[in-house]
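1. give me a model of this one.
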Amino acid sequence: MALILNIETATSVCSAAISKNGEVFDLLESFDDRSHASLLTVYIEELFTKNKLQYSDIDAVSISEGPGSYTGLRIGVSVAKGICFAQNKPLIAINTLKAMAIMAKETNVDIETNSLLCPMIDARRMEVYSALFDNRLTDIRETRAEIIEENIYHKELNKHPVYFFGNGANKCKDIIQHKNAFFLDNIYPSAKYMAQLAQIAFKNNDFKDVAYFEPFYLKDFVATRPKKKMF
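-> Purely as a prediction, here's the structure:
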């Protein structure tokens, strides 16, 4: 029986959950932007204290690997690695978009069987991080960054109903106009929906190298300096 700590920090949501055999039995999450640094370790400690667990009791740590916020991902991975190193526990990485697809399917029972699921994370301007899954959560198209324009997904929409969701989908509602395009609200990255993927990875011994693992940033992080004001 696998007891796993699941950590999600890929977007503005800060989320931590403890699961047993793929079922979450406690969850804490915040939707306050930029709360990861102040809340994540507090949430984890509270979960362990509330459930009378020691860090040594868990079998693995599961981290949402991205794509997503550079800063958020760095914080989550740093905390996960620290626990893994200290307790000699394996590290599991979960694709953030796939976990979102699980949430969409589990919270929307009327999704058609021949449909495609398209989770989207806002990547600023008119860009999103996205992927495509079928109704069985099989990868149809790899995760990538793309610019939203009128004819995007035209080929898929002509063949299937496509459900778009996530904070990146909000910018698409006025652009993607097709009878087969549907938009789902209130779907976001959550540690709760990482649990079943983490359980599968644990069963298959699909672990990451704790020392060398890096989040899936997708786009290179570029540090910029504020422009000088002209007087």
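
2. name every strand pairing with the helix or strand encompassing residue 117 and say which way it goes.
-> Under the assignment given by DSSP states H and E, the secondary-structure element containing residue 117 is strand 116-122. Each strand that pairs with strand 116-122, with its direction, by DSSP bridges: strand 127-134 (antiparallel), strand 162-165 (parallel).

3. how about those strands in a markdown table, adding distance to residue 62, mean neighbour count and mean pLDDT?
-> For every residue, glycine as well, the C-beta is placed using N, CA and C. As requested, the strands paired with strand 116-122 are arranged in a markdown table below (distance: least, C-beta to C-beta, whole Å; neighbours: other C-beta atoms under 10 Å; pLDDT from 0 to 100):
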| stretch | distance to residue 62 | mean neighbour count | mean pLDDT |
| --- | --- | --- | --- |
| strand 127-134 | 19 | 22 | 96 |
| strand 162-165 | 22 | 23 | 97 |
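
4. for the ones you listed, give me CSV that also has distance to residue 198.
-> What follows is these, written out as CSV (distance: least, C-beta to C-beta, whole Å):
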stretch, distance to residue 198
strand 127-134, 17
strand 162-165, 21
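
5. so which of the ones you listed gets nearest residue 26?
-> With C-beta to C-beta as the measure, strand 162-165 is the member of these nearest residue 26 (25.2 Å).

6. what's the domain layout of this structure?
-> Residue ranges for each domain of the chain read 3-95+189-203, 97-184, as given by automatic domain parsing.

7. need the contact list for the residue lying closest to residue 90 once chain neighbours are set aside.
-> Taking C-beta to C-beta, 6 or more residues apart in numbering, and ignoring the residues beside it in sequence, residue 90 has residue 207 as its nearest neighbour in space, at 4.0 Å. With C-beta atoms under 8 Å, 6 or more residues apart in numbering as the criterion, the residues that contact residue 207 are 60, 90-92, 201.

8. out of those, which is most surrounded?
-> The most neighbours of any of the contacts of residue 207, using other C-beta atoms under 10 Å, belong to residue 92, which has 28 neighbours.

9. touching, residue 70 and residue 217? I think so.
-> Yes. With contact defined as C-beta atoms under 8 Å, residue 70 and residue 217 form a contacting pair (6.0 Å).

10. which residue ranges form the strands in this protein?
-> If DSSP state E is used as the criterion, the strands of the chain fall at 3-8, 14-20, 23-30, 60-66, 91-95, 116-122, 127-134, 139-147, 162-165, 181-184.

11. least confident of the ones you listed, on average?
-> Least confidently modelled of those is strand 139-147, at a mean of 92 by mean pLDDT.

12. how far off centre is that strand?
-> Averaging C-alpha positions (C-alpha atoms, centre = their mean, to the nearest Å) puts strand 139-147 14 Å from its chain's average.

13. and the contacts of that strand?
-> Counting by C-beta under 8 Å, 6+ apart, the neighbours of strand 139-147 from elsewhere in the structure are 67, 95, 97-98, 116, 123, 126-134, 152, 216, 218-219.

14. what strands line up against that strand, and which way round?
-> Strand 139-147 has the following strand partners under DSSP bridges: strand 127-134 (antiparallel).

15. the strand it pairs with versus strand 91-95: what angle between them?
-> 90 degrees (axes from the mean of the first three to the mean of the last three C-alpha atoms, to 10 degrees).

16. measure the nearest residue to residue 121 once chain neighbours are set aside to residue 10 for me?
-> With C-beta to C-beta, 6+ apart as the criterion, residue 121 has its nearest non-adjacent residue at 4.4 Å, and that residue is residue 129. Between residue 129 and residue 10 the distance, using C-beta to C-beta, to the nearest Å, works out to 9 Å.
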